[in-house]
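A.B. asks: Just to be clear, the model below is a prediction. Sequence and coordinates:
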Amino acid sequence: MYHGNSIRLLAGNSHPELAHSVAERLGVPLTPCMPQKFSNGEINVKIAESVREEDVFIIQSGCSDVNDNLMELLILISACKTASARRITAVIPCFPYARMDKKDKSRAPITAKLVANMLVCAGCDHIITMDLHASQIQGFFDIPVDNLFSEPLMITYIKRIDGWQNSIIVSPDAGGAKRVAAIADKLGVEFALIHRQRDRRSKNAPERMELLVGDVRDKAAILVDDMIDTGHTLTLAARTLHDKGAKTIHVLISHGLFAEADMAALEQLPIEELVVTNTAPQKEHKEKCSKIRAIDISAIIAESIRRTHNGESISLLFGDWTGGGHLDMVLL
């Protein structure tokens, strides 16, 4: 429970359910603000109560209508800045444009850096986000950035899977090797890596995946990734694990965007369940695919806000966490 008298909690239109859940856990009401659009699409914001000399936290996730949500967040930050807020913290559970974090080819933009510059220019003093696609994005900012982790909740969920002691944690690409190795180490199980490749001798050859490290035969394969958008990588990985003899396949994803995913095709995959966090709204996705389960992250967000406001360490929230700590795992 929050103890103090100088905090303001605001929310944009990206994820009102999460914002209300965080507010309820903190025991702090959401400050009324009404982001609206003019007829030409321009966004207007009106904050109904004073935020002068207040510690302001703005909850806005980079999901669904990413550009509108980002612009809405920037305008909310600017409005609070010009209204003399003491400190402005942007709580962004799913950071927008996080996949564009480096120049991987000629003339490619580093858009994650641009977003960082825009947030600082708007007047943001502090960022709280979760499971950044690339941890170096924290270095794009000249202000403090707290990158929270869903890993403790995932470990708790894995320990509820029957036969998890005979499981293997799998990454669908080399970029997730560090993530799965850390989870496997804490659980005391093995990990595996899958490599995605295409036959370069034929332009029309379909993509395929090969198991590079690990043996999944007769084990519960637990596929872990940071984001699902189209579902193409998940489809290839699930079929590869099934072909390699995995006993069961469970999928855990940090950010379930499902922007262009074929939900009917995901329903037919040889997986037991597809577990995502609610950094993005999941209600509609769950209605379209019965295998989707959503883990509530509002407890982590709320505790991080409380610790930030009271000047306490956020790292202690995760430092000694072994899967049975004080953060409750709630399925939505």
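C.D. replies: Now that the structure is in, tell me what you want to look at.

A.B. asks: Just list the residues touching the nearest residue to residue 280 once chain neighbours are set aside, thanks.
C.D. replies: Spatially, and ignoring its direct neighbours in sequence, residue 280 is nearest to residue 63 (3.7 Å; CB to CB, 6 or more residues apart in numbering). (Glycine included, C-beta is placed from N, CA and C.) For residue 63, the contacting residues are 14-15, 69, 94, 255, 257, 279-281, taking CB atoms under 8 Å, 6 or more residues apart in numbering as the criterion.

A.B. asks: let's see 7 Å
C.D. replies: Neighbour list for residue 63: 14-15, 94, 257, 280 [criterion: CB atoms under 7 Å, 6 or more residues apart in numbering].

A.B. asks: try residue 158
C.D. replies: Contact criterion CB under 7 Å, 6+ apart gives 164, 187, 222 as the residues in contact with residue 158.

A.B. asks: confidence score at it?
C.D. replies: At residue 158, the pLDDT value in this model is 94.

A.B. asks: So what's the residue count around residue 89?
C.D. replies: 24 (other CB atoms under 10 Å).

A.B. asks: Could you chop the chain up by domain?
C.D. replies: The chain is divided into the following domains under automatic domain parsing: 7-148, 152-295.

A.B. asks: Sketch out the low-pLDDT regions of the stretch 151-300 of the chain for me.
C.D. replies: Residues of the stretch 151-300 of the chain meeting the criterion pLDDT under 70: 198-206.

A.B. asks: residue ranges of the strands in it, please?
C.D. replies: Remark: strands of the stretch 151-300 of the chain, listed N- to C-terminal, are 167-171, 190-197, 208-213, 220-228, 248-256, 273-277, 292-296; assignment by DSSP state E, counting those that start in this stretch.

A.B. asks: just checking, residue 137 touches residue 102?
C.D. replies: No. With contacts counted by CB atoms under 7 Å, residue 137 stays clear of residue 102, the gap being 9.9 Å.

A.B. asks: what about residue 241, how many neighbours?
C.D. replies: 29.

A.B. asks: If you drop the residues flanking it in sequence, what lies closest to residue 307?
C.D. replies: With CB to CB, 6+ apart, the residue lying closest to residue 307 is residue 314, at 5.2 Å.
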